[in-house]
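# predicted model and sequence below, questions to follow.
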Amino acid sequence: MNRFLAGALALALGAIPAAAQSLDDLNIQIHGYATQGFVYTTQNNWSSMSSSDGSPAWTEAMVNVTSQPMPKLRVGVQGRYFLLGNYGNAITLDWANADYKFSEKFGVRFGKVKTPEGLFNMIQDIDPGYVWSILPQSIYPLATRNSILAHYGGVAYGKLPLPAKSGALDYRVFAGVRMIASNDPLLAPLAANGILVPNGTSGVFYGGTLQWHPPLPGLMLGATQAVDNRQNNMATLGPMTGNSTLAEFKQPFFFGQYEHGKFMAAGEYMRLPPNFFFTFVHGPTIPVQQDDRNWFLMSSYKLSSKLTGGVYYSSTFDHKAPLGPARYQKDWTVSARYDVSSYVYLKAEQHFMDGTGGTAGSFNPTDNTNVQPETKMTLLKIGVSF
């Protein structure tokens, strides 16, 4: 009952006109959205939901408040309620930061800041901003959004003009600590093997992103290099306790996007090669290795003022996993979005999945007594924004 009450309250809040949310006299802006989704799968249960019977256990509501007390200073905070099957059902802090922009060439923000890695990480928390019901799960798994969206620390950013009419270069340099909660789906595959990380994991996290805007209007090419280092995180295996260590690993992203009129095309590649080692007191040292090569290609077209269609192909492949469908996942997706009004929108999406691999435990064996290699998934969503 609580999940449906929270969803109803969030949707009701979204009906408030945007004009009432602009507090110009205080230089404060309040914005947000709320969505209610329905998921049906033909075979496996997805992301801890009873989706093979059809499930409405997918609710999200977000509110952010920003203020600009000085011309170059902006402060803000964003909270989020999220429910996806057995995941979430809580209110969390998405981000809270102060941003001072000295000039177009240099600015800084600090606090809990959104991590500028990859193509969509900075906007994956803004559901009204794109056509897809879910972004490609090979790189942006929905259930783990809270963990990969932001980090505690800072970001330096700016835009630099390039000589000889060769365009402009956006840069983002980030550093701090990334934290993964103990109940995050990223840790679900470990829990399925009896390894628990009761306090979650955290570690030093840093990197940078470059985006090149060449003279061709609408084209952007970019790359991110992120570095993660997690050491001495407590883990348990039955009666044994110990530490997990993770040698420093580099996580590269390469991406591009082209927009022209009503047309958009984009693609991205990311490699995830972590190697965990659990060293238990009076017990074994257990390596947990993977080498995921993840990528997607997508395109969308605005068919009318209210209707937008899209398609993408998403792929993940773990080169260190045993042979079989758990080693990979290929996902063909067709999407549509219809804007009922300035505040209300509808989304529908059909997925054709081959394989059960992936980093977020989407087809966790604990949710499926007999995991099947192929799944069709239908997503329906209604959203309001203000």
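Now that the structure is in, tell me what you want to look at.
# how close does the residue with the largest distance to the centre of the chain get to Pro322?
The outermost residue of the chain relative to its centre, with distances by Cα atoms, centre = their mean, is His282 at 38.2 Å. As for His282, its distance to Pro322 is 29 Å (criterion: Cβ to Cβ, to the nearest Å). Glycine gets a C-beta too; all of them are placed from N, C-alpha and C.
# and the closest residue in space to Trp58 that isn't next to it in sequence, what does it touch?
Once flanking residues are discounted, Trp58 sits nearest to Gly37: 3.6 Å by Cβ to Cβ, 6 or more residues apart in numbering. Neighbour list for Gly37: Pro56, Trp58, Thr59, Glu60, Ser133, Leu379, Leu380, Lys381, Ile382 [criterion: Cβ atoms under 8 Å, 6 or more residues apart in numbering].
# may I see the residues you listed organised as JSON lines, with neighbour count and secondary structure added?
Output for the contacts of Gly37, formatted as JSON lines (neighbours: other Cβ atoms under 10 Å; DSSP: H, G, I helix; E, B strand; the rest coil):
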{"residue": "Pro56", "neighbour count": "15", "secondary structure": "strand"}
{"residue": "Trp58", "neighbour count": "28", "secondary structure": "strand"}
{"residue": "Thr59", "neighbour count": "23", "secondary structure": "strand"}
{"residue": "Glu60", "neighbour count": "24", "secondary structure": "strand"}
{"residue": "Ser133", "neighbour count": "26", "secondary structure": "coil"}
{"residue": "Leu379", "neighbour count": "22", "secondary structure": "strand"}
{"residue": "Leu380", "neighbour count": "17", "secondary structure": "strand"}
{"residue": "Lys381", "neighbour count": "21", "secondary structure": "strand"}
{"residue": "Ile382", "neighbour count": "15", "secondary structure": "strand"}
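# return the member of those nearest to Thr356.
The closest of those to Thr356 turns out to be Leu379 (Cβ to Cβ; 17.9 Å).
# that older thread, return the distance of the residue farthest from the centre of the chain relative to Gly309.
59 Å.
# what do you get for Ala336?
From Ala336 over to Gly309 (counting by Cβ to Cβ), the distance is 5 Å.
# overlap in contacts of those two?
Joint contacts of Ala336 and Gly309 (Cβ under 8 Å, 6+ apart) are Val131.
# tell me if the residue farthest from the centre of the chain really is in a strand.
No: His282 is assigned coil when assessed by DSSP: H, G, I helix; E, B strand; the rest coil, not a strand.
# ramachandran coordinates for it?
As for His282, its main-chain torsions (degrees, to the nearest 10) stand at phi 50, psi 40.
# enumerate the positions of the top strand by length along the chain that are buried.
Longest among the strand segments of the chain by residue count, using DSSP state E, is strand 240-260. By 16 or more other Cβ atoms under 10 Å, the buried positions in strand 240-260 come out as Gly242, Ser244, Thr245, Leu246, Gln251, Pro252, Phe253, Phe254, Phe255, Gly256, Gln257, Tyr258.
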